[in-house]
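# Quick check, what structure comes out for this input:
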Amino acid sequence: MNRRTALLSAIACLAIRSVAFAEYSVWDKGMWPESWPKELEPLRKQARTYEGPRVLYRFYLIPFTKREEFEAAWPQLLKVKSKGVPIVLVRGPKTDFFVVQPAGVIIRTPPVNEAPGPENGVSITDAQKADGEWRTKASYIELVVDGEIVNLNRIPLPPDTLIIDERFKDEKKK
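Numbering: from 1, shown residues only. Predicted coordinates for the structure are as follows:
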């Protein structure tokens with residue numbers, strides 16, 4: 001009976017997982033626009049792109065394993081962020097649905113046909129809200145911080161940008 005229950009549970013989990021992935025299109029490379037900085041081109045191979053779930057949002061996951069490589073790319077990554085939009089810090093490694101290990105960035109963009117360029121921004125009052133409309137109307141960066149590869153003491157954060165620190169969010173709930 002235990003074997004049967006375990007087998008049925010495993011099948012149910014796989015079925016649920018496949019439904020979740022079915023709502024997303026996934027590419028094992030960076031499918032970002034040609035208009036992004038040319039210096040990011042070498043990162044396409046190590047990136048993953050998710051599009052979905054229903055309204056075609058794009059998520060570009062770019063993991064890094066070398067601090068020097070991340071630090072060289074950081075100024076270029078900042079160029080794809082919409083003006084006035086916060087940077088969200090999350091703890092690395094990120095192992096939920098969007099996996100980034102051991103550190104790196106997730107660039108979240110609005111629906112493909114509505115994606116504003118970095119020159120378009122959001123209002124200051126909206127940008128100051130942790131759950132403002134900027135999360136769906138602008139391109140923003142989730143910085144996956146591990147303290148070694150992505151070390152906040154070693155990279156310049158834009159002085160005019162709000163930083164939302166979610167690295168210890170789960171600990172606060174306990």
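
# Tell me the pLDDT of the residue most central in space within the chain.
Geometric centre of the chain, nearest residue: residue 106, 1.9 Å, by CA atoms, centre = their mean. You'll see residue 106 listed with a pLDDT of 96.

# Quick check: bridge partners of the closest residue in space to it that isn't next to it in sequence?
Leaving aside its sequence neighbours, residue 106 sits nearest to residue 142 (CB to CB, 6 or more residues apart in numbering; 4.1 Å). Using the backbone N, CA and C atoms, a C-beta is placed for each residue, glycine as well. Beta-bridge partners for residue 142, by DSSP bridges, are residue 88, residue 106.

# Assess the claim that residue 142 and residue 104 are in contact.
No - using CB atoms under 8 Å, residue 142 is not in contact with residue 104, being 9.4 Å away.

# okay, these two: which has more neighbours?
residue 104 (28 against 21; other CB atoms under 10 Å).

# Flag every buried residue along stretch 39-55.
By neighbour count on 16 or more other CB atoms under 10 Å, the buried set for stretch 39-55 is 40, 43-44, 46-52.

# If you could redo that for stretch 63-76, that was the one I meant.
63-64, 67, 70-71, 73-74.

# Which ones among these lie within helices?
67, 70-71, 73-74 (DSSP state H).

# Out of these, which comes closest to residue 33?
Distance to residue 33, by CB to CB, is smallest for residue 73 among those, at 16.7 Å.

# Spit out the contact partners of the closest one.
39-40, 43, 62, 64 (CB atoms under 8 Å, 6 or more residues apart in numbering).

# ok now do residue 99, which residues does it touch?
Residues near residue 99 by CB under 8 Å, 6+ apart: 61, 93.

# ugh, wrong one, I meant residue 168
Residue 168 touches residue 91, counting by CB under 8 Å, 6+ apart.

# quick one, phi/psi of it?
phi -120, psi 20 (degrees, to the nearest 10).

# And the helices in this protein?
2-22, 67-78, 124-127, 134-137, 169-173.
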